[in-house]
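Asks: Predicted structure and sequence below. I'll ask about it afterward.
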Amino acid sequence: MTWEACRDGEAPSVDVLLYGTVFLDIIMTGLSHPPAAGTEVWASGLGSSPGGIANLAVALSRLDLRTALAAAFGEDAYGDFCWDVLVNERVDLAHSRRFYGWHSPLTVSMAVARDRSMVTHEHPAPVTADEMLTPPPRARACFVDAGLESDEWVRTAKKNGSLVFADIGWDPTRRWGQALLRKLEGYDFFLPNAVEARGYTGCDDVPAAAAKLAERVPVVVVTRGGHGAYALDAGTGDEVEVDGLNVAALDPTGAGDVFSAGFVLGTLADWPLADRVHFANLCAALSVQHFGGSQSAPGWGDIAAWWRHVSQRDEQYLGGYRFLDELLPQPGFAPVGRASATIGLRCTR
């Protein structure tokens, strides 16, 4: 098993195809508490990076998966910045489009006490996913938001042989509509967080929620933030529970997306379920030590550096990560770019 294993055989034009919304994320850290009405709170840290679906796109690309993204971009400074960063990160934007007069979506994320709160401004995209992706390019996998209504392209990709990974966006109503569960049928993997898994199933604990979701999707992976993840493969009966890693968390924005990227990589490389979940857990843990969801995503050099640093520690704690000895490339990989505080200040690799 090597990190190049996901490239074996005749591959389609891309490894992973994505559709979604790209936000300009403004991230503030070091807040002692969230702002209350009529008050002002000072942040000691600031970063800016493309967010939303860009988190997953960059995280996949940094793991050397050929990644194509279809998204709408405004013809404004925010859109310019996000587009340039994604191109610099080797994300294929051939199926993305720019729109004059459409305001690029924006999110302000405030990190407080190992969690974050967000304020978002967004107008609906001028075109649908199906208008951008008819027909979709052939891909080994596609990753979708299960709550989107426009998904003919997903069915086409599935017919063309793509594995379909799905997550679900936050339900601001907290009604957790059951129609979503019916939409999951035909997908191969579902990666909700613990709140979403419990909400949509009505189950009190994560394993029970995963078991109910696995009645519709073969493999369910429930992320639990800093507490790790739980995975269930209904076909084999395999269960994996991984604890969170003890890291100095700066900003958890986009950690779930980075987790998903690590899991997709392991799946395409045909790793055992336990290795996939451990690797995804590690990717997410490394990402929270930096600003932003996209430009905090680790590359192979970051992963190798972490393993060299910790590999001599407690076997009980690190035993699940021993597969990294065989997986990781030789030294020489450069560190990846990180989120800048100023829009337009280009990151260097």
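Replies: Everything's here; your move.
Asks: just checking, residue 32 touches residue 41?
Replies: Yes: with contacts counted by C-beta atoms under 8 Å, residue 32 reaches residue 41, the gap being 7.2 Å. Backbone N, C-alpha and C define where each C-beta goes, glycine included.
Asks: hey, what's in contact with both of the two?
Replies: When C-beta atoms under 8 Å, 6 or more residues apart in numbering defines a contact, no residue borders residue 32 and residue 41 alike.
Asks: okay, those two: which has more neighbours?
Replies: residue 41 (14 against 10; other C-beta atoms under 10 Å).
Asks: I figured that one was touching residue 30, is that so?
Replies: No: using C-beta under 8 Å, residue 41 is not in contact with residue 30; the gap is 9.9 Å.
Asks: From the centre of this structure, give me the residue that's furthest out.
Replies: residue 38 (34.6 Å; C-alpha atoms, centre = their mean).
Asks: State the distance from that residue to residue 55.
Replies: 33 Å (C-beta to C-beta, to the nearest Å).
Asks: Give the closest residue to residue 138 in space, chain neighbours not counted.
Replies: Among residues not flanking residue 138 along the chain, residue 12 sits closest, at 3.6 Å (C-beta to C-beta, 6 or more residues apart in numbering).
Asks: What ranges does the stretch 51-200 of the chain have for its strands?
Replies: 67-70, 72-74, 97-99, 106-112, 115-121, 139-145, 163-167, 189-190 (DSSP state E, counting those that start in this stretch).
Asks: What is the last one packed up against?
Replies: If I follow you right, that is strand 189-190. Applying 3 or more C-beta pairs under 8 Å, 6 or more residues apart in numbering; DSSP states H and E, we find strand 189-190 packed against strand 163-167, strand 219-223.
Asks: Tell me which of the ones you listed sits nearest to residue 98.
Replies: Closest of those to residue 98 is strand 163-167, at 26.1 Å (criterion: C-beta to C-beta).
Asks: between that closest one and strand 219-223, how many degrees?
Replies: Angle, strand 163-167 to strand 219-223, by axes from the mean of the first three to the mean of the last three C-alpha atoms, to 10 degrees: 30 degrees.
Asks: Convert the C-alpha atoms of strand 163-167 to PDB, please.
Replies: What follows is strand 163-167, C-alpha atoms only, in PDB (Å, rounded to 0.1, in the frame of the first residue of the first chain):
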ATOM      1  CA  LEU A 163     -18.500   6.500  -6.400                       C
ATOM      2  CA  VAL A 164     -20.900   9.000  -4.700                       C
ATOM      3  CA  PHE A 165     -19.900  10.600  -1.400                       C
ATOM      4  CA  ALA A 166     -22.400  12.900   0.300                       C
ATOM      5  CA  ASP A 167     -22.600  15.200   3.300                       C
END
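Asks: Give me the sheet partners of that strand and which way each runs.
Replies: Note on strand 163-167: by DSSP bridges, its sheet partners are strand 139-145 (parallel), strand 189-190 (parallel).
Asks: Poorly predicted segments of the chain, please.
Replies: Scanning the chain for pLDDT under 70 picks out 1-11, 114, 148-150, 170-173, 175-177, 250, 314-317, 329-349.
Asks: Just want the most central residue of it.
Replies: Within the chain, and using C-alpha atoms, centre = their mean, the residue nearest to the centre is residue 257, at 1.4 Å.
Asks: Would you state the helices of the protein in chain order?
Replies: Along the chain, counting by DSSP state H, helices occupy 53-62, 77-88, 129-132, 152-159, 179-183, 194-201, 206-213, 255-268, 273-287, 300-310, 315-318, 324-327.
Asks: Deepest in the core, which of those is it.
Replies: When the helices of the chain are scored by mean count of other C-beta atoms under 10 Å, the highest mean neighbour count falls to helix 53-62 (a mean of 28).
Asks: Quick one: distance of that one to the chain centre.
Replies: 7 Å (C-alpha atoms, centre = their mean, to the nearest Å).
Asks: One more: stretch 112-122?
Replies: That offset, for stretch 112-122, works out to 16 Å (C-alpha atoms, centre = their mean).
Asks: Likewise for stretch 284-291?
Replies: 12 Å.
Asks: gap between the two ends of that stretch?
Replies: 13 Å (C-alpha to C-alpha, to the nearest Å).
Asks: same deal with stretch 129-140?
Replies: 18 Å.
Asks: now do stretch 241-254
Replies: 21 Å.
Asks: any idea how far residue 147 is from residue 16?
Replies: Distance of residue 147 to residue 16, computed by C-beta to C-beta: 19 Å.
Asks: next one: residue 24
Replies: 23 Å.
Asks: so what's residue 19 bridging to?
Replies: With DSSP bridges as the rule, residue 19 is bridged to residue 70.
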